[in-house]
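Q: what's the 3D shape of this:
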Amino acid sequence: MDAEESAAVDLTKLWDVAVVGTGIGGATLGHALAKAGASVLFLEKGTSIAAQADTPEAITPDERMAQGWWPHPITQHFAHGRSERLFAAVGCAVGGSSIHYAAALERMAPSDFERLQTSPQLPGWPVSYDDFLPFYRAAETLYGLGAPAHGPDETLLSEWDRELLAAMRQNGLKPERLHVAMRYDADCQECIGKVCPRQCKADARTACLTDALSRPACSLLERCDVQTLEADENTVRSIRALHRGEPIEIRARIVVLAAGALHSPQVLLRSRNAFWPDGLANRSGHVGRNLMFHTSDLFALWAPRRFNRAGRQKKSISVRDFYVSGGRRLGYVQSLGLGAGRGNIAAFLKDMLRRRGLRHERLLSLLVKVPSHIASWMLGEAGIFAAMTEDDPHPDNRIVLDPAQPDGAAFTYRITDDLRDRANSLREAFAKHIRPWRLMHLTPTLTMNHGHPCGTCRFGNDPASSVLNRDNRSHDVGNLYVVDASFMPRSGAVNPSLTIAANALRCAAPITRSLGMSQPDR
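A: Purely as a prediction, here's the structure:
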């Protein structure tokens with residue numbers, strides 16, 4: 001839908017469902033509801049972004065919006081008064097972050113759904129892994145994965161990857177081919193971190209929005225920045241937003257927040273009124289709290305001799321052997337599909353400098369230019385891998401409103417000693433099982449993947465310790481649902497996209513029942 005069409009959306013209509021955000025959660029749920037016959041209005045802060053042959057680094061808010069990224073940095077507050085500004089890898093476009101993602105869609109482990117026996121006890125999921133499994137399968141089908149492979153299909157892999165797999169197996173590991181939502185046909189460009197020009201990559205637009213918006217009862221409103229939800233004690237009455245800078249009001253029988261775990265809680269916290277002095281649906285006090293990420297530990301791997309790196313699937317290998325090891329949750333390792341090229345090294349160096357307080361983006365580009373060329377020459381034919389360790393929820397890791405910030409919010413977050421220890425143990429265990437291949441740690445200090453926020457409106461059976469019930473409906477407000485990564489009570493150690501999609505499909509049935517419609521097909 002182009003800008004003229006979105007401007008023609010009937011704002012006087014009472015919609016069955018209004019979905020705030022068009023990423024994996026919002027688009028997947030909206031698509032299921034559209035198939036069931038509901039009238040669905042999708043509200044998106046960004047616009048439709050076309051694939052670009054050349055994408056120079058976006059620095060200004062307008063440049064970032066034009067490339068489909070969230071326009072403003074967000075401030076992280078640490079202990080002792082220190083803070084830093086960072087750009088989270090969060091999308092702001094039709095399709096949300098999924099238009100940029102690398103499309104690695106992996107299931108969480110059954111153990112991720114269980115309660116952690118730690119002190120204080122951390123909550124498990126209010127649904128079991130077995131309850132969730134049919135929706136994982138449905139989401140895999142929707143996003144073009146089919147049944148997950150039981151072993152590595154090596155026909156798409158390079159000689160380099162095949163030799164690494166052999167070394168891993170010889171060292172006792174059981175690596176798998178990474179499940180990636182790409183067709184990998186002869187013309188596939190494996191669009192990692194960018195918009196796919198051929199719709200070879202299944203994202204929220206191609207898998208869900210295109211079909212949903214082909215239905216007469218569904219519409220999309222772009223450049224719609226949702227500000228607050230107007231509500232009484234029990235019900236959201238309307239959505240107040242800025243459309244192209246002008247105030248509008250939207251009404252719907254069901255309101256679904258899917259703006260992401262950094263932004264959905266902001267909407268609720270801003271929606272204070274006489275009934276909800278601490279923020280809408282926040283009787284528990286947990287809205288915005290329990291913010292989790294994953295660790296983002298990056299390694300460069302070298303082969304013992306030169307192998308051909310040409311292969312159709314470069315984002316190719318996953319290792320779960322250390323997911324739970326010796327009773328400890330160490331985590332997950334996967335290839336990023338990236339070589340140690342100058343551009344990738346420059347991005348790592350910039351991120352390190354930002355974390356040391358340097359915030360002038362053009363100066364950063366100049367500072368890393370020569371070092372990135374030198375490092376690229378030294379690293380040669382290395383492949384880059386990422387290790388992810390599960391983060392744990394803590395109420396003091398949270399979104400906080402801050403009128404001084406461009407988006408009106410910041411977050412406080414502290415990496416625990418336990419998380420550092422588990423991440424270090426994962427790196428050490430992995431390094432021992434790839435010999436004689438060599439490994440270099442590219443991130444000298446443990447960093448978090450700020451593109452994987454979750455947990456800020458978690459679901460659960462106890463209204464005193466959770467924001468949503470098992471159907472992702474607010475415990476407090478009867479027509480309000482949240483279906484992005486905010487709902488997750490545990491972060492697991494894999495990309496959350498498939499879990500978000502599966503959960504959105506799971507939530508479609510209770511919403512259609514509340515609308516008096518038949519349940520959608522999975």
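
Q: Tell me where the model's unsure across this protein.
A: Within the chain, the segments meeting pLDDT under 70 span 1-7, 55, 117-121, 146-153, 340-361, 364, 367-381, 519-522.

Q: At the geometric centre of it, which residue do we find?
A: Centrality entry for the chain: nearest residue to the mean C-alpha point is His452, 4.4 Å, by Cα atoms, centre = their mean.

Q: Run through the bridge partners of the residue lying closest to that one once chain neighbours are set aside.
A: Nearest residue to His452, sequence neighbours excluded (Cβ to Cβ, 6 or more residues apart in numbering): His294, at 4.9 Å. Every residue, glycine included, has its C-beta placed from N, CA and C. Under DSSP bridges, the beta-bridge partners of His294 are Glu390, Asn449.

Q: Surely His294 and Ala386 touch.
A: No. Counting by Cβ atoms under 8 Å, His294 does not reach Ala386; the two are 9.1 Å apart.

Q: between these two, who's got more neighbours?
A: Legend: neighbour count by other Cβ atoms under 10 Å for His294 and Ala386, higher for His294 (28 against 21).

Q: Could you pull up the residues touching that one?
A: 388-391, 448-449, 452, 491, 493 (Cβ atoms under 8 Å, 6 or more residues apart in numbering).

Q: For Ser486, see how far away it is.
A: For His294, the distance to Ser486 equals 15 Å [Cβ to Cβ, to the nearest Å].

Q: where along the stretch 351-500 of the chain do the strands fall?
A: 383-388, 398-401, 409-412, 438-441, 448-454, 480-482 (DSSP state E, counting those that start in this stretch).

Q: Mind putting those into JSON lines with distance to Arg64?
A: Converted to JSON lines, the strands of the stretch 351-500 of the chain look like this (distance: least, Cβ to Cβ, whole Å):
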{"stretch": "strand 383-388", "distance to Arg64": "23"}
{"stretch": "strand 398-401", "distance to Arg64": "20"}
{"stretch": "strand 409-412", "distance to Arg64": "17"}
{"stretch": "strand 438-441", "distance to Arg64": "30"}
{"stretch": "strand 448-454", "distance to Arg64": "14"}
{"stretch": "strand 480-482", "distance to Arg64": "25"}
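
Q: Nearest to Gln334, out of the ones you listed?
A: Nearest of those to Gln334, taken as Cβ to Cβ: strand 383-388 at 6.0 Å.

Q: got the angle for that closest one vs strand 448-454?
A: Counting by axes from the mean of the first three to the mean of the last three Cα atoms, to 10 degrees, strand 383-388 points 50 degrees away from the direction of strand 448-454.

Q: what packs against strand 383-388?
A: Packing partners of strand 383-388 (3 or more Cβ pairs under 8 Å, 6 or more residues apart in numbering; DSSP states H and E): strand 292-295, strand 297-302, strand 332-339, helix 417-432.

Q: Please identify the most buried of these.
A: The highest average neighbour count among the helices and strands packed on strand 383-388, using mean count of other Cβ atoms under 10 Å, belongs to strand 292-295 at a mean of 26.

Q: how about that one as CSV, C-alpha atoms only?
A: The C-alpha trace of strand 292-295 is given here as CSV (Å, rounded to 0.1, in the frame of the first residue of the first chain):
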residue,chain,number,x,y,z
MET,A,292,16.2,-9.2,28.5
PHE,A,293,18.6,-9.5,25.6
HIS,A,294,21.0,-12.2,24.4
THR,A,295,24.7,-12.0,24.7
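
Q: from what I can see Trp160 touches Phe307, true?
A: Yes. Here Trp160 lies in contact with Phe307, judged by Cβ under 8 Å, at a distance of 4.2 Å.

Q: the more surrounded of those two?
A: A side-by-side neighbour count of Trp160 and Phe307, using other Cβ under 10 Å, places Trp160 first with 21 against 15.

Q: so that one sits in a helix?
A: Yes. With DSSP: H, G, I helix; E, B strand; the rest coil as the criterion, Trp160 is part of a helix.

Q: quick one: it from Gln313, how far?
A: From Trp160 to Gln313 the distance is 12 Å (Cβ to Cβ).

Q: Repeat that for Arg513.
A: Between Arg513 and Gln313 the distance, using Cβ to Cβ, works out to 41 Å.

Q: what does Arg237 give?
A: 49 Å.

Q: Equivalent analysis for Ala58, please.
A: 28 Å.

Q: Among these two, which residue is more densely surrounded?
A: Taking neighbours as other Cβ under 10 Å, Ala58 and Gln313 compare with Gln313 leading, 22 against 17.

Q: Need the nearest residue in space to Asn171, chain neighbours excluded.
A: His433 (4.3 Å).

Q: could you pull out the helices for the stretch 1-150 of the chain?
A: 3-7, 24-35, 61-66, 129-142 (DSSP state H, counting those that start in this stretch).

Q: So for Arg223, which of these sits nearest?
A: Once the helices of the stretch 1-150 of the chain are compared by Cβ to Cβ, helix 3-7 is nearest, at 7.3 Å.

Q: about what we covered before: contacting residues around the residue nearest to Asn171?
A: 168, 171-173, 321.

Q: returning to what we had before: which one of the contacts of His294 is nearest to Leu41?
A: His452 (27.9 Å).

Q: ok, the closest one - contacts?
A: His452 makes contacts with 293-294, 485, 491, 495-496, as judged by Cβ under 8 Å, 6+ apart.

Q: and which of those is nearest to Ala109?
A: Ser491 (12.0 Å).

Q: Would you mind giving both backbone torsions of the residue lying farthest from the centre of the chain?
A: Going by Cα atoms, centre = their mean, the residue of the chain most distant from its centre is Arg305, 36.3 Å out. Taking degrees, to the nearest 10, you get phi -150, psi 170 for the backbone angles of Arg305.

Q: how near is it to Pro71?
A: Distance of Arg305 to Pro71, computed by Cβ to Cβ: 46 Å.

Q: quick one, strands of the stretch 51-200 of the chain?
A: In the stretch 51-200 of the chain, the strands defined using DSSP E, counting those that start in this stretch lie at 74-77, 83-86, 176-177.

Q: Check the stretch 201-350 of the chain too.
A: Using DSSP E, counting those that start in this stretch, strands in the stretch 201-350 of the chain cover 218-221, 224-231, 236-243, 246-257, 292-295, 297-302, 317-319, 332-339.

Q: Compare these and report which one is nearest to Cys507.
A: For Cys507, the closest of those is strand 246-257, at 8.5 Å, according to Cβ to Cβ.

Q: Report the separation between Ser365 and Ile192.
A: In this view, Ser365 and Ile192 are 21 Å apart by Cβ to Cβ.

Q: So which of those two has more stuff around it?
A: Higher neighbour count among Ser365 and Ile192: Ile192, with 19 against 14, using other Cβ under 10 Å.

Q: what's the distance between the nearest residue to that one once chain neighbours are set aside and Gln313?
A: Nearest residue to Ile192 in three dimensions, chain neighbours excluded: Ala102, at 4.4 Å (Cβ to Cβ, 6+ apart). Applying Cβ to Cβ, the value for Ala102 to Gln313 is 11 Å.

Q: okay, and the common contacts of these two?
A: 180, 337.

Q: Could you verify my assumption that Ala410 touches Pro403?
A: No. The criterion here is Cβ under 8 Å, and Ala410 misses it with Pro403 at 10.4 Å.

Q: So for these two, which residue has more residues nearby?
A: Ranked by neighbour count (other Cβ under 10 Å), Ala410 and Pro403 place Ala410 first, with 19 against 6.

Q: ok, the more buried one to His394 distance?
A: In terms of Cβ to Cβ, Ala410 sits 17 Å off from His394.
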